[in-house]
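> Okay, predicted coordinates and the sequence, questions at the end:
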Amino acid sequence: MPDVSAAEAAAPETAAPSEALTSPPGVFADLVGQDDAVATLRRAAAEAAAQLRQAAPGGEPAADPGAGMTHAWIFTGPPGSGRSLAARAFAAALQCAYGTGCGTCPGCHTTMAGTHADVRLVAPEGLSIGVGEMRALVLRAASTPSGGRWQVVIISDADRLTEAAGNALLKAVEEPPPRTVFLLCAPSTHPDDVSVTIRSRCRVVPLRQPAPEAVAEVLVRRDGIAPDVARWAAAPAQGHVGRARPLAGDPQ
């Protein structure tokens, strides 16, 4: 395994896990009502950074069977719970120079903006994700990160993988490259959404429907909506920030 890049070597020392867990929310700020999931992801990102620091020059990240970090994850939850947002925020935390998802370093900024060279987002152009696209993606994901800390593949609708595409992904998940992480998003881990075999090789992060109060808070903080309007819009949105925002901004 090649050395960590010169840019990473020049980055400030990564925060220890205890520091990471008490740092400002950063890239996770908009993942509302998901405190347990955020704590899990921040802990895993800190451990991933520690693995890279402990890796011998030219070697692979040190694997700790008891650590919270693993190479494949599934984010589940109802519509509006923030599955794709959670996956992207976790990818940013993995690329973060501090291992915390600070939200301000180049790794965080480019990942959240969708321009990081080592973070790839897969979304179905039609009704499904085909085997050809998945094979090409797996092949690219096997390469060494070009500048970031990890190769990260985000599959936003893993429930739309065809059977053949799922088999191609399964092979990569079973024998992952040492610095590649797969992040899958699906409504649930039911076999109709994600195959049992793939699910058994992933760590599941369940997301819940945010409470109206949490939705109102993010509308006030991020979008500058008046508190009373935010509370009104959050009530019928059923925990979906994307539904609440246009309601709050519509004078009618």
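Good, I have the coordinates. Numbers count the residues shown, from 1 in each chain.

> Tell me where the stretch 1-150 of the chain has strands.
Read by DSSP state E, counting those that start in this stretch, the stretch 1-150 of the chain holds these strands, from start to end of the chain: 72-76, 119-122.

> want to try JSON lines for those strands, with mean pLDDT and distance to residue 187 as columns?
Just so you know, the C-beta spots here come from the backbone N, C-alpha and C atoms, and that holds for glycine as well. What follows is the strands of the stretch 1-150 of the chain, written out as JSON lines (pLDDT from 0 to 100; distance: least, CB to CB, whole Å):
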{"stretch": "strand 72-76", "mean pLDDT": "95", "distance to residue 187": "6"}
{"stretch": "strand 119-122", "mean pLDDT": "92", "distance to residue 187": "17"}
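
> For stretch 118-130, buried residues please.
118-119, 121-122, 124, 129-130 (16 or more other CB atoms under 10 Å).

> CA atoms only for stretch 94-111 - export them in PDB, please.
Output in PDB follows, covering the C-alpha atoms of stretch 94-111 (Å, rounded to 0.1, in the frame of the first residue of the first chain):
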ATOM      1  CA  LEU A  94     -13.200  10.000   6.200                       C
ATOM      2  CA  GLN A  95     -11.400  12.500   3.900                       C
ATOM      3  CA  CYS A  96     -11.100  15.100   6.600                       C
ATOM      4  CA  ALA A  97      -7.600  16.200   7.500                       C
ATOM      5  CA  TYR A  98      -8.500  16.000  11.200                       C
ATOM      6  CA  GLY A  99     -10.600  12.900  11.100                       C
ATOM      7  CA  THR A 100     -13.600  14.700  12.500                       C
ATOM      8  CA  GLY A 101     -15.600  16.000   9.600                       C
ATOM      9  CA  CYS A 102     -14.700  19.600  10.500                       C
ATOM     10  CA  GLY A 103     -16.500  21.000   7.500                       C
ATOM     11  CA  THR A 104     -13.800  23.500   6.600                       C
ATOM     12  CA  CYS A 105     -10.700  21.500   5.400                       C
ATOM     13  CA  PRO A 106     -10.300  20.800   1.600                       C
ATOM     14  CA  GLY A 107     -11.300  17.100   2.100                       C
ATOM     15  CA  CYS A 108     -14.600  18.000   3.800                       C
ATOM     16  CA  HIS A 109     -15.300  20.900   1.400                       C
ATOM     17  CA  THR A 110     -14.800  19.100  -1.800                       C
ATOM     18  CA  THR A 111     -16.600  16.000  -0.700                       C
END
